[in-house]
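Asker: pasting the structure only:
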């Protein structure tokens, strides 16, 4: 039974860190498109960009953002992943001292 708990913990850790990476990359892509001013129309779901690459990046970011806002699942997993990451970094730092 102990192996089942370890595997569940590992699966939760991997899924939550992956969700953290997904949410951060989605928000980062929207910030990058906004700072580069590549998309003049970027509002509640309507995205119009000057080229295809910026359009794809903006659509990815908007999809991740809307999925996080409306379902909350990626956001919750990202917060859990942030907790795992902080705890692991604190353990690593303690071992280095």
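Answerer: Ah, there it is. As the structure is a computational prediction, the values presented were derived from the model and not from experiment.
Asker: which helices and strands sit right next to the helix or strand encompassing residue 92?
Answerer: Assigned by DSSP states H and E, residue 92 belongs to helix 73-96. Applying 3 or more CB pairs under 8 Å, 6 or more residues apart in numbering; DSSP states H and E, we find helix 73-96 packed against helix 2-36, helix 52-71. C-betas here are computed from N, CA, C, even on glycine.
Asker: will you turn those into TSV that also has distance to residue 82?
Answerer: Formatted as TSV, the helices and strands packed on helix 73-96 follow (distance: least, CB to CB, whole Å):
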stretch	distance to residue 82
helix 2-36	6
helix 52-71	14
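Asker: from what I can see residue 41 touches residue 48, true?
Answerer: Yes - contact criterion CB atoms under 8 Å: residue 41 and residue 48 qualify, at 3.9 Å.
Asker: what about the two, which has more around it?
Answerer: Using other CB atoms under 10 Å as the criterion, residue 41 and residue 48 rank with residue 48 on top: 12 against 9.
Asker: From residue 28, how far out is that one?
Answerer: Distance, residue 48 to residue 28, using CB to CB, to the nearest Å: 21 Å.
Asker: quick one: contacts of the helix or strand of the chain with the lowest mean pLDDT?
Answerer: Least confident helix or strand, the chain: strand 41-42 with a mean of 72, by mean pLDDT, DSSP states H and E. Outside strand 41-42, the residues that touch it by CB atoms under 8 Å, 6 or more residues apart in numbering are 30, 33-34, 47-48, 58, 62.
Asker: likewise stretch 31-38?
Answerer: Against stretch 31-38 from outside (CB under 8 Å, 6+ apart): 39, 42, 49-51, 54, 57-58, 61.
Asker: Leaving out the residues flanking it, which one is nearest to the residue nearest the centre of the chain?
Answerer: Nearest to the mean C-alpha position of the chain, counting by CA atoms, centre = their mean, stands residue 23 at 1.6 Å. Spatial nearest neighbour of residue 23, excluding adjacent residues (CB to CB, 6 or more residues apart in numbering): residue 78 at 4.3 Å.
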